[in-house]
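**Student:** Could you look at this predicted model? Sequence included:
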Protein chains: 2
Amino acid sequence: MIYVSAMALTDICADCAVRDRALCGSLNDEELAALNMLGRRQKVARGETLIWAGDESIICGNLLSGVLKLAASTADGREQIVGLLYPADFIGRPYADVADFTVTALTDAELCFFPRKPFEQALEDHIQMERLLLQRTFAALDEARARMLMLGRKSAEEKLADFLLDMARRMGSSGCRATPDGPMTFDLPLTRGQIADVLGLTIETVSRQMTKLKAAGIIALPGGRAVTISDRQALEARTEAA
Amino acid sequence: MIYVSAMALTDICADCAVRDRALCGSLNDEELAALNMLGRRQKVARGETLIWAGDESIICGNLLSGVLKLAASTADGREQIVGLLYPADFIGRPYADVADFTVTALTDAELCFFPRKPFEQALEDHIQMERLLLQRTFAALDEARARMLMLGRKSAEEKLADFLLDMARRMGSSGCRATPDGPMTFDLPLTRGQIADVLGLTIETVSRQMTKLKAAGIIALPGGRAVTISDRQALEARTEAA
DNA sequence: AGCCGACATTGACTCCGGTCAAAGACATGC
DNA sequence: GCATGTCTTTGACCGGAGTCAATGTCGGCT
């Protein structure tokens, strides 16, 4: 699929990696060119924070590459990761003056952002895009609620199993999958501490559960951030208590 | 505010208690009359389930009176309440074929519902309503995420304090509030078991924490489902660990 | 009134996951 | 190579919340 632009110098969308998977996928070429004027690309380094909870909600955008975390925290520093953002996901909070969550890059990342107010105007002007955003927001809400069940009612073991299967699914494209049900290896974009913050556990508990799964021959930890799922069936079984 | 309708016999919106607070608030009288044709009012008794998780997503609607719960559960019967719905709140999941969560009445309730497909069409036809729904969905997402922090990172005591303050705010209108900061009494629409399901705790823990707050003179339990918040300051303090 | 079922409280005990602490791994830079 | 800092693993211990069980309270019904 090739997009040739008459305004190559400024057309940042032309080589967009998520051109048709992101919100912009709902726009035709002319509309895209207009939105183009508003947008800016930006690279962010791992660890960098894009949006701070409590700050004014200034920007919206799309994630092009990398993984971001969306986090909430208590006054005394406890943190809960309330969402992970992957390429083509929407970033930001339209229609609110203040951002409620902190957005931080877990890996080096690239994104395409717009000032919030003009972006809201663009939503009004492009019904299709607004409708797509509504659908995605509903999907995000479903996901958040599913995670509430996990946080409130699942054991550490179940949480870890859930998490690993979810990551396997999400990293599946970039990682390598031999056969649909055979062993599969991928790199986690999160540290143990960050996994703990996703699951509502501590680093130590995450580490112990990992070791337990390894001892049971269900996963292998080849080193670094890599994980191999050797027995997907068994892992799925641990998603629900015995 | 009085709405006189030329079609009094069928105009179920005329005496709608949430006429201008619900999604329909974005419609003018003609549009409302059209939507009217699609909608049906229904009363449901406490305990009745409107939508079952896993079933086809058939209806959408507005809550007129009462309180509903939105719940997820595990295969072995553990339940997590992922949201509470109050009058004027939107019910249902447009753009999905299957409902992911169970919706049940916690009190006797009345609602106004529409078949999902025609409702989706109505959203397309009435941009203002779609936009309002988008804004509400974002708000629901923020709320769900805030609750993730609570579920994942807060102690039983903090959860209870959070919950009571939230209920005080929500029941404030119907209950009685003497002075902004003085004692305030209201009825909880939930049993201890349901509170436990909201907070990711057990009945016993909820009960013990209630007793502890009562012993500390922060709340009183006059009987039935009633709660009196005698020392709001102290309750707010327990929202964050010592 | 008295019975019944649902809901709530309380107690005794257990255990999962948190806390504190000490070693390992591993990457990076000098 | 070695030093440094970050991340991970492992161990010992503790405590908050869950479990199991008994008792108490309330409202509804005949």
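**Tutor:** Received it, and whenever you're ready, just let me know what you need.

**Student:** who touches A:L27 in this structure?
**Tutor:** Neighbour list for A:L27: A:35, A:126, A:128-129 [criterion: CB atoms under 8 Å, 6 or more residues apart in numbering or on different chains]. (Each C-beta comes from the backbone N, C-alpha and C, glycine too.)

**Student:** Phi first, then psi, for it.
**Tutor:** Here is the backbone geometry of A:L27 (degrees, to the nearest 10): phi -100, psi 150.

**Student:** Next, find the distance separating it from B:A53.
**Tutor:** In this structure, A:L27 lies at 35 Å from B:A53, with CB to CB, to the nearest Å as the measure.

**Student:** Next: A:L38.
**Tutor:** 40 Å.

**Student:** swap in A:I81?
**Tutor:** A:I81 is 25 Å from B:A53, where distance means CB to CB.

**Student:** Kindly report the same for A:E110.
**Tutor:** Computed as CB to CB, the A:E110 to B:A53 distance reads 38 Å.

**Student:** Check A:I127 too.
**Tutor:** To B:A53, A:I127 is 31 Å away according to CB to CB.

**Student:** pLDDT at the residue nearest the centre of chain A, what is it?
**Tutor:** In chain A, the centroid-proximal residue (CA atoms, centre = their mean) is A:L85; its distance is 1.7 Å. pLDDT recorded at A:L85 is 97.

**Student:** mind checking how far it is from B:S155?
**Tutor:** Note on A:L85: its distance to B:S155, by CB to CB, is 29 Å.

**Student:** Could you do A:A45 as well?
**Tutor:** Computed as CB to CB, the A:A45 to B:S155 distance reads 35 Å.

**Student:** now swap in A:E240 and tell me
**Tutor:** 26 Å.

**Student:** Also A:K212?
**Tutor:** Distance, A:K212 to B:S155, using CB to CB: 26 Å.

**Student:** Have a look at those two and say which one is more surrounded.
**Tutor:** Neighbour totals were compared for A:K212 and B:S155, and A:K212 leads with 15 against 12 (other CB atoms under 10 Å in any protein chain shown).

**Student:** Just give the number of residues close to the closest residue to A:E120 other than its chain neighbours.
**Tutor:** Nearest residue to A:E120 in three dimensions, chain neighbours excluded: A:P94, at 5.3 Å (CB to CB, 6 or more residues apart in numbering or on different chains). Residues near A:P94, counting by other CB under 10 Å, number 18.

**Student:** do A:S230 as well
**Tutor:** Burial measure for A:S230: 18 neighbouring residues, criterion other CB under 10 Å.

**Student:** can you check A:L199 too?
**Tutor:** 24.

**Student:** ok, it touching A:K159?
**Tutor:** Yes - counting by CB atoms under 8 Å, A:L199 does reach A:K159; the two are 4.3 Å apart.

**Student:** Now do the shared contacts for the two.
**Tutor:** Overlap between the neighbourhoods of A:L199 and A:K159 consists of A:M150, taking contacts as CB under 8 Å, 6+ apart.

**Student:** Spit out the contact partners of the residue nearest to the centre of chain A.
**Tutor:** For A:L85, the set of contacting residues under the criterion of CB under 8 Å, 6+ apart consists of A:63, A:67-70, A:91, A:103.

**Student:** At which residues are the strands of chain A located?
**Tutor:** With DSSP state E, the ranges of strands along chain A come out as A:40-44, A:49-51, A:59-65, A:68-73, A:79-85, A:90-92, A:102-105, A:109-115, A:176-177, A:184-187, A:219-223, A:226-229.

**Student:** Nearest to DNA strand C, out of these?
**Tutor:** strand A:219-223 (4.4 Å; CB to the nearest atom of the strand).

**Student:** And for that closest one, what's in contact with it?
**Tutor:** Judged by CB under 8 Å, 6+ apart, the contacts made with strand A:219-223 from elsewhere in the structure are A:164, A:185, A:210, A:213-214, A:227-231, A:235.

**Student:** can you list the weak-confidence ranges in chain A?
**Tutor:** When residues are selected by pLDDT under 70, those of chain A lie in A:1-11, A:173-181, A:242.

**Student:** repeat that for 50
**Tutor:** Scanning chain A for pLDDT under 50 picks out A:1-9, A:175.

**Student:** Specify the helix with the largest residue count in it.
**Tutor:** Of all the segments assigned as helix in chain A under DSSP state H, the longest by residue count is helix A:127-153.

**Student:** buried stuff in that one?
**Tutor:** Across helix A:127-153, burial judged by 16 or more other CB atoms under 10 Å in any protein chain shown covers A:129-134, A:136-138, A:140-153.

**Student:** ok, and does it reach over to chain B?
**Tutor:** Yes - contact of helix A:127-153 with chain B is found when judged by CB under 8 Å from any CB of the partner chain, involving A:127, A:130-131, A:133-135, A:137-138, A:140-142, A:144-149, A:151-153.

**Student:** Show me how chain A divides into domains.
**Tutor:** Split into domains by automatic domain parsing, chain A comes to A:23-151, A:155-237.

**Student:** end-to-end on the last one?
**Tutor:** Its start and end residues considered, domain A:155-237 measures 13 Å (CA to CA, to the nearest Å).

**Student:** how about that domain against DNA strand D, any contact?
**Tutor:** Yes - part of domain A:155-237 sits close enough to DNA strand D to count as contact by CB under 7 Å from any atom of the strand, namely A:191-193, A:203-204, A:206-208, A:210-211, A:221, A:225.

**Student:** Most neighbours among those, which one is it?
**Tutor:** Each of those was scored by neighbours using other CB under 10 Å; the highest score is A:V206's, at 24 neighbours.

**Student:** circling back: give me the subset of the residues of domain A:155-237 next to DNA strand D touching DNA strand C.
**Tutor:** Counting by CB under 7 Å from any atom of the strand, A:E204 from the residues of domain A:155-237 next to DNA strand D sit close to DNA strand C.

**Student:** who's the residue nearest to the centre of chain A bridged to?
**Tutor:** Beta-bridge partners recorded for A:L85 (DSSP bridges): A:L68.

**Student:** just checking, A:R46 touches A:A105?
**Tutor:** Yes - proximity of A:R46 to A:A105 meets the contact threshold set by CB under 8 Å, at 5.6 Å.

**Student:** Who has more neighbours out of the two?
**Tutor:** The neighbour count for A:R46 versus A:A105, taken as other CB under 10 Å, is higher for A:A105 (23 against 13).

**Student:** need the contact list for that one.
**Tutor:** If you count contacts by CB under 8 Å, 6+ apart, A:A105 has them with A:44-50, A:66-68.

**Student:** can we see that at 10 Å?
**Tutor:** If you count contacts by CB atoms under 10 Å, 6 or more residues apart in numbering or on different chains, A:A105 has them with A:43-50, A:63, A:66-69, A:85, A:111, A:189.

**Student:** Now, of these, which are buried?
**Tutor:** Of the members of those, the ones counted as buried by neighbours, 16+ other CB under 10 Å, are A:44, A:50, A:63, A:66-69, A:85, A:111, A:189.

**Student:** and these as JSON lines, adding distance to A:S57?
**Tutor:** Formatted as JSON lines, the buried ones among the contacts of A:A105 follow (distance: CB to CB, whole Å):
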{"residue": "A:V44", "distance to A:S57": "18"}
{"residue": "A:L50", "distance to A:S57": "12"}
{"residue": "A:L63", "distance to A:S57": "17"}
{"residue": "A:G66", "distance to A:S57": "21"}
{"residue": "A:V67", "distance to A:S57": "22"}
{"residue": "A:L68", "distance to A:S57": "16"}
{"residue": "A:K69", "distance to A:S57": "17"}
{"residue": "A:L85", "distance to A:S57": "16"}
{"residue": "A:L111", "distance to A:S57": "16"}
{"residue": "A:P189", "distance to A:S57": "25"}
